[in-house]
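> compute the structure for the input listed below.
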Amino acid sequence: MSTSSRPGLLHDPDFGRLFAATALGRLGDRILFLALPLVAIEALGADELRIGALAAMTTAGSLLVGLPAGAWVDRVRKRPVMISTDLVRALVLSTIPVAWWAGLLTIWWLYAVALVHGVLTVFFDVAYVSCLPHLVGRDKLVEANSKLSAIRSVTSISGPTVAGPLAGLVGAPATVLASAAGMAVSGLLALSIRTREPRPEPGEHPRLGREIREGLRFVLRHPALRAVMVGDAIFNLFLVMYQTMLLVFLERELGLRPFGVGLVLSGMGCGALAGALLARRVSARVGLGPVIWLASLVTCPLTALMPLARPGWSVYVAAVGLAPLSLGGVVRVVAQSSLQQALTPDRLLGRMSATARFVSWGGIPLGGLLGGASGTAFGATATLWAGAAGMTLSALPAFLSPLRTMHTLATDKTDKADTAPESVR
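Alright, predicted model coming up:
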């Protein structure tokens, strides 16, 4: 694949289409991130426990279909999976405003939509991660992940900025339509990608259980991949606890309206954009392994500024403290994604992604439930303190692994699933 060295991958037409699809799909996702809980809080008057349950339903798909999704995606071409899941997610989300206008919307409807949307998102994300090495080549993975993280960060700023005023103008249920539209257009853009990956060749007797075990064995036996996965699991559990009560804290304890909530969340997006722009440079200077644990250790403690906030100007100081969390998160994810994709043979990419997602995202539904239960029992402020402490501790697995001193990575292109690549140095 020929690309210009300066503008890099953005001169490649197919990567440009994926880039645009990512922008619109992520914009829809970030609008939904604010709009869905606002539907529960404002339109349905849900309490903290129900809001936590909604957060759990949104991510329960990782537990329900995480491992089978990876084995199944490895058997098929990835692009059709991305297209179909985008379009069906858009259709499912559009039922929320329709049900609201018909007077049929309930918290159970939201639970059902969140669960179906989450299951489809698992298949989309596994296919997306598995498609990228085929589209750009393994030698351009860090550049590709950095550029895609940059556009996701831009939409992390614009998504809440759009969703807040829009929810105030037309209501949270109608705002979900904007999210559905973004995902629908994303699917249509993915349809225009011309590069076709080779059709995967099935084994003589492919069995789902055996393929799942093969993916699990590969990831769990690899010390670097295992450390990334465990650290992510800890981080995601406490992040979701934190985020579940963050909206409640901002809305009910600080008295912010949707526009103010959107402004605070946009500050997080600014940090994510800075992280995407700096990810390649920081990884090259600090080292691919050390940056994974240093990113969390340095930035997560600043999230403790939010529970210190009070109504007035201090909430915006606390919002500035959230920006480093997003900055460090993007730097970490770019390094992790590039490492995972580079160390995994082509035929195991789907299963690697699904296994990592199953373990590292498996605690997210629990985080939503714990966040709701903690908010009910101890209040939103105490839950934010617990989330800040847990996210900081998530740096330990990577620090205690070979990632602590791993500065370079030479990819192993052999197709061995039972042994860890010997290219980490």
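
> what ranges does the stretch 101-250 of the chain have for its helices?
Along the stretch 101-250 of the chain, counting by DSSP state H, counting those that start in this stretch, helices occupy 107-136, 141-170, 172-191, 208-221, 223-248.

> strands of this structure, start to end?
Counting by DSSP state E, no segments of the chain form strands.

> low-confidence ranges, it, go.
Counting by pLDDT under 70, the ranges of the chain that qualify are 1-7, 153, 156-157, 161, 200-208, 269, 407-425.

> now the residue minimising distance to the centre of it. Nearest residue, chain neighbours left out?
Taking Cα atoms, centre = their mean, the centroid of the chain lies closest to Asp125, which sits 8.6 Å from it. Excluding its sequence neighbours, the residue lying closest to Asp125 (Cβ to Cβ, 6 or more residues apart in numbering) is Arg357, at 6.7 Å. Quick note: C-beta positions are derived from backbone N, CA and C, even for glycine.

> contacting residues around the one you found?
For Arg357, the contacting residues are Ser62, Gly66, Gly70, Val122, Asp125, Val126, by Cβ atoms under 8 Å, 6 or more residues apart in numbering.

> in this structure the last one contacts Ser353, no?
Yep, that's Val126 we're talking about. Yes: counting by Cβ atoms under 8 Å, Val126 touches Ser353, with 4.9 Å between them.

> who has more neighbours, those two?
Neighbours per residue (other Cβ atoms under 10 Å) separate Val126 from Ser353, with Val126 holding more: 32 against 28.

> follow-up on the earlier one: distance to Gly375 for the contacts of Arg357 - can I get that in TSV?
Shown next, in TSV, are the contacts of Arg357 (distance: Cβ to Cβ, whole Å):
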residue	distance to Gly375
Ser62	22
Gly66	26
Gly70	33
Val122	26
Asp125	28
Val126	31
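
> wait, which of those residues is closest to Leu396?
Closest approach between the contacts of Arg357 and Leu396, by Cβ to Cβ: Ser62, at 22.3 Å.

> so how far is Leu277 from the nearest residue to the closest one once chain neighbours are set aside?
Closest residue in space to Ser62, ignoring its immediate chain neighbours: Trp361 at 3.8 Å, by Cβ to Cβ, 6+ apart. For Trp361, the distance to Leu277 (Cβ to Cβ, to the nearest Å) stands at 26 Å.

> put the alpha carbons of stretch 78-87 into PDB.
In PDB, the C-alpha atoms belonging to stretch 78-87 read as follows (Å, rounded to 0.1, in the frame of the first residue of the first chain):
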ATOM      1  CA  LYS A  78     -14.600  -8.000   8.900                       C
ATOM      2  CA  ARG A  79     -15.900  -5.100   6.700                       C
ATOM      3  CA  PRO A  80     -19.500  -6.600   6.300                       C
ATOM      4  CA  VAL A  81     -19.700  -7.100  10.100                       C
ATOM      5  CA  MET A  82     -18.800  -3.400  10.600                       C
ATOM      6  CA  ILE A  83     -21.400  -2.300   8.100                       C
ATOM      7  CA  SER A  84     -24.300  -4.400   9.300                       C
ATOM      8  CA  THR A  85     -23.700  -3.700  13.000                       C
ATOM      9  CA  ASP A  86     -23.600   0.000  12.400                       C
ATOM     10  CA  LEU A  87     -26.900   0.000  10.500                       C
END
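
> any idea how far it is from the middle of the chain?
Offset of stretch 78-87 from its chain centre (Cα atoms, centre = their mean, to the nearest Å): 17 Å.

> which residues do Val126 and Ser353 both contact?
Common neighbours of Val126 and Ser353, counting by Cβ under 8 Å, 6+ apart, are Gly70, Val73.

> before we move on, back to that, between Trp361 and Leu277, who's got more neighbours?
Trp361 (26 against 18).

> and the gap between Ser94 and Leu44?
Separation of Ser94 from Leu44 (Cβ to Cβ) stands at 18 Å.

> now Val119
22 Å.

> would you mind measuring from Glu197 to Ile212?
22 Å.

> swap that for Leu64, please
From Leu64 to Ile212 the distance is 14 Å (Cβ to Cβ).

> if we can go back for a sec, right, and the residue nearest to Ser62 touches Asn236 too?
Yes: counting by Cβ under 8 Å, Asn236 is a contact partner of Trp361 at 6.0 Å.

> give me the nearest residue to Gln406, chain neighbours excluded.
Actually, residue 406 is Met. It isn't Gln. That would be Gly289: by Cβ to Cβ, 6+ apart, it lies 3.1 Å from Met406.

> any idea how many residues pack against the one you found?
When neighbours are counted by other Cβ under 10 Å, Gly289 comes out with 26.

> show me what contacts it?
Gly289 makes contact with Ala224, Leu339, Ala398, Pro402, Leu403, Arg404, Thr405, Met406, His407, according to Cβ under 8 Å, 6+ apart.

> how near is the spatially closest residue to the fifth one that is not a sequence neighbour to Ala295?
Which is Leu403. With sequence-adjacent residues excluded and distances taken as Cβ to Cβ, 6+ apart, Leu403 is closest to Gly289, at 3.7 Å. Distance of Gly289 to Ala295, given as Cβ to Cβ: 11 Å.

> in stretch 35-55, what counts as buried?
Applying a neighbour-count criterion of 16 or more other Cβ atoms under 10 Å, one finds 35-44, 46, 48, 50-55 buried in stretch 35-55.

> from start to finish, how long is it in a straight line?
12 Å (Cα to Cα, to the nearest Å).

> number the chain from 551, please
Fine by me, first position is 551 from now on; the one you just mentioned is stretch 585-605.

> residues contacting that stretch, please?
Residues outside stretch 585-605 that contact it (Cβ under 8 Å, 6+ apart): 608, 646, 650, 655-657, 660-661, 664, 713, 717, 721-723, 725-726, 728-729, 790, 793-795, 797-798, 801, 808, 811, 915, 917-923, 925-926, 930.

> what does stretch 699-713 give?
Defining contact as Cβ under 8 Å, 6+ apart, one finds that stretch 699-713 is touched by 569, 572-573, 576-577, 579-581, 583-585, 725, 728, 808, 811-816, 818-820, 822-827, 829, 876, 880, 883-884.

> buried among those? Make that a PyMOL selection.
Command for PyMOL that selects the buried part of the contacts of stretch 699-713, burial taken from 16+ other Cβ under 10 Å:
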select buried, resi 569+572+573+576+577+579+580+581+583+584+585+725+728+808+811+812+813+814+815+816+818+819+820+822+823+824+825+826+827+829+876+880+883+884
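
> could you list which of the contacts of stretch 699-713 belong to helices?
569, 572-573, 576-577, 579-581, 583-585, 725, 728, 808, 811-816, 818-820, 822-827, 829, 876, 880, 883-884 (DSSP state H).
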